[in-house]
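J.: fold the following and give me the result.
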Amino acid sequence: MKEISLTVAILLVSIATISAQPQLEKGRILLGATSTVALSGSVSSELISLGFIKATYKYGSGPAEDAFKRTTYNILPKAGYFVIDNLAAGLHAVVAGYTEKDLEYDDTYKESTIGIGPFVRYYYPLDRFYPFAEAEMLFGTARELWYSDDERTPFVMLGVLVGTALPLGDNVTFDAAAGYLRSSMKDTDTETEERVNFITSGFCLRMGFTIYL
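T.: Residues are numbered from 1 along each chain as shown. So this is what the prediction gives:
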């Protein structure tokens, strides 16, 4: 059944791409939602999502007992303006979070990541798909809350990606891209009072959808 559904989906996309021609002229607006960037434990590789989970445990034949409740969310908007044909510039953001509550001890652990920054994307239109290159920056804060500890860490992220946009209609594309990301978080060691700079870098794969108005 899964194979049949996948085949049907591929056929529908193929049919849509025969005549679809997204408009990339100067003055158009770009609105999109893409996969997340792993800046901290609160940001996963999911698309925009909202989840509520309740876990229980059971010893032998005894009754089930509640263990914890978990809530996660990801909101990943992007908006741009075509300053010239095929070149869009704008802002993108990430608002993501993770909350876990221990139901036995009534303890709560929270993580959240908020960031915003500029991006530019250039398309090279072909007949059936539109390759593009994108450069971006994000400025924000990663926060961890546990008992009385409330730690906030600023971060900066830089990224360069290349990908392709597959038309699903005259105003919508499915985007897939791969690229290199580098993020830097600055913190202070509580014992030595020295500044610590955490740097992470690596390659990523992103997927999402873009609307052109």
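
J.: so what's the residue lying closest to residue 24 once chain neighbours are set aside up against?
T.: Nearest residue to residue 24, sequence neighbours excluded (C-beta to C-beta, 6 or more residues apart in numbering): residue 86, at 5.0 Å. (Each C-beta comes from the backbone N, C-alpha and C, glycine too.) Residues in contact with residue 86 (C-beta atoms under 8 Å, 6 or more residues apart in numbering) are 24, 122, 123, 124, 125.

J.: my guess is residue 118 contacts residue 136. True?
T.: Yes: in this structure, residue 118 sits in contact with residue 136. The criterion is C-beta atoms under 8 Å, and the distance is 7.1 Å.

J.: of these two, which one has the most company?
T.: Higher neighbour count among residue 118 and residue 136: residue 136, with 20 against 14, using other C-beta atoms under 10 Å.

J.: buried set for the helix or strand harbouring the more buried one?
T.: Per DSSP states H and E, residue 136 falls inside strand 130-146. Of the residues in strand 130-146, those buried by neighbour count under the rule 16 or more other C-beta atoms under 10 Å are 130, 132, 134, 136, 138, 140, 142, 143, 144.

J.: dig out what the second one forms beta bridges with.
T.: In this structure, residue 132 has the following beta-bridge partners (DSSP bridges): residue 123, residue 163.

J.: before we move on, back to that, and which of the buried residues of strand 130-146 is nearest residue 70?
T.: Proximity of the buried residues of strand 130-146 to residue 70 was ranked by C-beta to C-beta; the top entry is residue 144 with 15.4 Å.

J.: ok, that closest one - contacts?
T.: In this structure, residue 144 makes contact with 109, 110, 111, 150, 151, 153, judged by C-beta under 8 Å, 6+ apart.

J.: and if you look at residue 160?
T.: Counting by C-beta under 8 Å, 6+ apart, residue 160 has contacts 133, 134, 135, 136, 179, 180.

J.: 10 Å instead?
T.: Remark: with contacts taken as C-beta atoms under 10 Å, 6 or more residues apart in numbering, residue 160 is in contact with 133, 134, 135, 136, 179, 180, 181, 182.

J.: just how off-centre is the strand holding residue 136 within its chain?
T.: Counting by C-alpha atoms, centre = their mean, to the nearest Å, strand 130-146 is centred 8 Å from the centre of its parent chain.

J.: average pLDDT for it?
T.: What strand 130-146 shows for mean pLDDT is 88.

J.: so what's the gap between the one helix or strand residue 94 maps to and the chain middle?
T.: Secondary-structure assignment from DSSP H and E places residue 94 in strand 87-102. Its chain's C-alpha centre and that of strand 87-102 lie 6 Å apart, by C-alpha atoms, centre = their mean.

J.: what's the average pLDDT for it?
T.: In the prediction, strand 87-102 has an average pLDDT of 86.
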